[in-house]
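Visitor: fold the following and give me the result.
(2 chains)
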Amino acid sequence: MSHTPKATIRKFIVDNFLFGETGDLKDNTSFLEEGIIDSTGVLELIDFLEETFQISIADDEIIPENLDSLDNLEKFLSRSTINS
Amino acid sequence: MCGIAGILNFKTPEDKIPLLSSMLASLQHRGPDSAGIFTQGPAGLGSVRLSIIDLSGGNQPIHNEDKSIWLVFNGEIFNYPELRTLLISMGHQFYTQTDTEVLVHLYESFGTGMFAHLNGQFAFALWDTRTRALLLGRDRLGIRPLFYHLHHQRLIFGSEIKALFADKTISRELDSQSLSDIFCCWAPVGKATAFKNIFQLPPGHYARFSSQGLSIHQYWEIPGPVQETKKSTDQWVEELNELIIDAVRIRLRADVPVAAYLSGGLDSTYITALVKRHFNNRLKTFSVGFSDPAYDESHFQKKAVNFLGTDHQETSCSHGDIGEIFPEVIFHAETPLLRTAPAPLMHLARQVKRSGLKVILTGEGADEIFAGYNIFKEDKVLRFWAKFPESQIRPRLLEKLYPYIFSQNNARATKYLETFFKKGMDHLDSPTASHRTRWENTSHTHTFFSKDFLSTPFNLEHFIQRFIPFLPDGFMARDPLSRAQYIEQKTFLPNYLLSSQGDRMSMAGSIEGRYPFLDHRVVEFAATLPPHLKINGMTEKYILKKAAGNKVPRKIINRPKQPYRAPISPAFLGTPRQEYVRLLLSETAMNETGYFDFKKTTRLVEKCRHQNGALLSERENMALVGILSTQLLHDLFIRHQPQKNQISSQKITITQNKETPVHVPHTQGNHSKIHCG
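Guide: Numbering: from 1, shown residues only, chains lettered A, B, ... in the order given. Purely as a prediction, here's the structure:
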């Protein structure tokens, strides 16, 4: 069982937005394109990231380039962790 | 207001009275005052009546002079005095004072051309003994319901589906295609209902049924906008004011007092103001508030009451109230729902009934015909933004449009939310562009269906391809706003708003709703308006706000549009716990029905419980209500026979006529008056 940040986020996405169904969730699947996260779901994701990884996400960082897929999240998280 | 039912059997002789009695029993809430049955040869018609016009003399079925035409009727013909005068001048003789009777004489004189003369909300069935044909008719907007089931040469119809299910030979089964459509656009498409082989007569249509079979014809369509007009805004406003005053005037025709709902919004306040100002200075009004402040509009309701000075009663609805009455809501709505908003309206209708009133005016329809909903402005913003997609300013209009989405915490996620809406920009050339985001968002609820029930994953493109044939010729020549309004007026308005929130909830309290904005003259007027008089800049219902002027408090005219909503997940999973929710979402119940994935549903419920009975997401709320209401529908209509009441045989007036063979030429269209002695 992997506990990389990506695996942790994947589990959160599957549990919280896909209600247990992994389906076609790939590392580069766009949450917005596939409708996995809706307009209010993004806030749940931010809460989760801030609590789980003990980071603080600035408003201007809440953009699809940072948050819209597992790959994007992994890159964003590594930058955030380095900067914090 | 009434309920109607009937059986036409051209195949085999059938004793129709016992079944008609059962059908009427299931409709008793629609007409508690009297009941009548007529049978002749292949035909059997029945009616239960809520007496509003000609209280003592209007028992149905109603017939013409020589009793060759018989009719059962649900609804009101508001221009019946004018039609009565016309028909008397043409030589017809009336034996009642009812609006019902004008229908039989209109039919005699105009055949199916009769519909053009009617201003009303109605569903009726007319048996013509001379042609041995049944005519079913339904009002233009679909205010009154009419359902049917056809098997070989036998047609059975009724005001509600539960009347059809009184016939135990009809199988009771949910239709997977309809459920799929409901979990996308909130209602079945076209003539479909949630149940297999049960259909509705579409609004603005009539049907003929004879030994030759069933044929369905459209008699009315929403007109497109006028391309060029020299009318000034003031002229449009004046014309609208005159039309609405007249629409209100004829809707006050009743032999019982008429009251009004006050929601705290512009539409109902304006209607109430017109009644007070022009017709009845001692008007009673009613409103419903919520104990949950997030949904409560009492503040604006009080403002309206103080301004208008009506004799007002308010009732309040808690989370627990909604949860408690929801099974009854589904019993009356007869369809899965994705929202709980009908529940408080049932609560309110019962309050009105307890006050001894039967008829209520409401502001329904104004948001559809004058473009009040955000879905119309969203389409406008997207089209404006699409002209300069890189603009940083244009998408900020979305914040103005959805302040409750972009507000507070969400303000942080503005860029992300803009991208969410921007997806719609890729499809602006599609005839259904305006509704795509809503349909797509709603259709994510599909992920909860079990694979055994819906084996093919939902595909929005396939749904849109099935939907497009329902649009009229020349649809793309209409402006984008008219297109969006057309779709809303053909799907959401009749099949959700006027049924689940309108007719079915008011009738659950034996109350008749009347809707001045849905007078077809007002609807046609609104459809021909230039778009800028409906949405001006970002001001919705612009012309209506102009017309309301000094008749409605400024604070109500200028308040931000608040969609009418009711609490969802706390009503079912908060406190107090609703036992039926636990039972219907149990593994046993869910496996028995097989519609939804039990494990996923359980995770949804757990997520909700984890957040103290509150779900964050719109679509999760819709999924919860959709699943629960479908489970309820199964329990109430499929697992059990949906029959609540019996009706005493002494209460039913039965007329049994023998068929006398009369040879008359078969007529399909208009025919002139047949002189009756």
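
Visitor: so how far is stretch B:62-80 from its chain's centroid?
Guide: 23 Å (Cα atoms, centre = their mean, to the nearest Å).

Visitor: hang on, I meant stretch B:380-389
Guide: 33 Å.

Visitor: list phi and psi for residue B:152.
Guide: phi 50, psi -120 (degrees, to the nearest 10).

Visitor: show the pLDDT at it.
Guide: Looking at residue B:152, its pLDDT reads 91.

Visitor: ok, so what distance separates it from residue B:172?
Guide: 19 Å (Cβ to Cβ, to the nearest Å). No exception for glycine: its C-beta is placed from N, CA and C like everyone else's.

Visitor: look at those two and report which has more neighbours.
Guide: residue B:172 (19 against 10; other Cβ atoms under 10 Å in any protein chain shown).

Visitor: how about the contacts made by that one?
Guide: B:165, B:195, B:637, B:638 (Cβ atoms under 8 Å, 6 or more residues apart in numbering or on different chains).

Visitor: do that again at 6 Å, thanks
Guide: B:165, B:637, B:638 (Cβ atoms under 6 Å, 6 or more residues apart in numbering or on different chains).

Visitor: could you tell me which of these count as buried?
Guide: B:165, B:637, B:638 (16 or more other Cβ atoms under 10 Å in any protein chain shown).

Visitor: from these, which single one is nearest chain A?
Guide: Chain A lies nearest to residue B:638 out of those, by Cβ to the nearest Cβ, at 25.7 Å.

Visitor: any chance you could map the helices in chain A?
Guide: A:5-16, A:41-53, A:64-67, A:70-83 (DSSP state H).

Visitor: do the stretch 201-350 of chain B as well
Guide: For the stretch 201-350 of chain B, the helices defined by DSSP state H, counting those that start in this stretch occupy B:233-251, B:266-278, B:298-308, B:319-333, B:342-354.

Visitor: TSV please, covering the ones you listed and showing mean pLDDT.
Guide: Listed next are the helices of the stretch 201-350 of chain B as TSV, based on pLDDT from 0 to 100:
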stretch	mean pLDDT
helix B:233-251	96
helix B:266-278	95
helix B:298-308	92
helix B:319-333	95
helix B:342-354	94
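
Visitor: can I get those helices in a markdown table with distance to chain A and mean neighbour count?
Guide: Shown next, in a markdown table, are the helices of the stretch 201-350 of chain B (distance: least, Cβ to the nearest Cβ, whole Å; neighbours: other Cβ atoms under 10 Å in any protein chain shown):
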| stretch | distance to chain A | mean neighbour count |
| --- | --- | --- |
| helix B:233-251 | 35 | 17 |
| helix B:266-278 | 27 | 23 |
| helix B:298-308 | 26 | 19 |
| helix B:319-333 | 20 | 22 |
| helix B:342-354 | 23 | 23 |
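
Visitor: after the worst-scoring helix or strand of chain B on mean pLDDT comes which helix or strand?
Guide: Across the helices and strands of chain B, mean pLDDT, DSSP states H and E gives its lowest value to helix B:403-406, namely a mean of 68. Counting by DSSP states H and E, the element after helix B:403-406 in chain order, helix or strand, is helix B:414-422.

Visitor: now the next helix or strand after that following helix: how far from the chain's centre is it?
Guide: Downstream of helix B:414-422, the next assigned helix or strand under DSSP H and E is helix B:433-443. How far helix B:433-443 lies from its chain's middle: 21 Å, per Cα atoms, centre = their mean.

Visitor: can you state the direction angle for helix B:433-443 and helix B:414-422?
Guide: 110 degrees (axes from the mean of the first three to the mean of the last three Cα atoms, to 10 degrees).

Visitor: quick one: contacts of helix B:433-443?
Guide: By Cβ under 6 Å, 6+ apart, helix B:433-443 touches B:184, B:185, B:379, B:424, B:427, B:458, B:460, B:484, B:487, B:619.

Visitor: one more: stretch B:553-569?
Guide: Contacts of stretch B:553-569 (Cβ under 6 Å, 6+ apart): B:266, B:269, B:292, B:295, B:300, B:303, B:307, B:319, B:340-341, B:344, B:540, B:545, B:548, B:608, B:613-615, B:621, B:624-625.

Visitor: same thing but 7 Å
Guide: Outside stretch B:553-569, the residues that touch it by Cβ atoms under 7 Å, 6 or more residues apart in numbering or on different chains are B:263, B:266, B:269, B:290, B:292, B:295, B:297, B:300, B:303-304, B:307, B:319, B:322, B:340-341, B:343-344, B:372, B:374, B:403, B:540, B:545, B:548, B:608, B:613-615, B:621, B:624-625.

Visitor: looking at residue 45 now. What's its pLDDT?
Guide: Chain wasn't specified; assuming chain A. For residue A:45, pLDDT reads 91.

Visitor: wait, chain B was what I had in mind.
Guide: Looking at residue B:45, the pLDDT reads 97.
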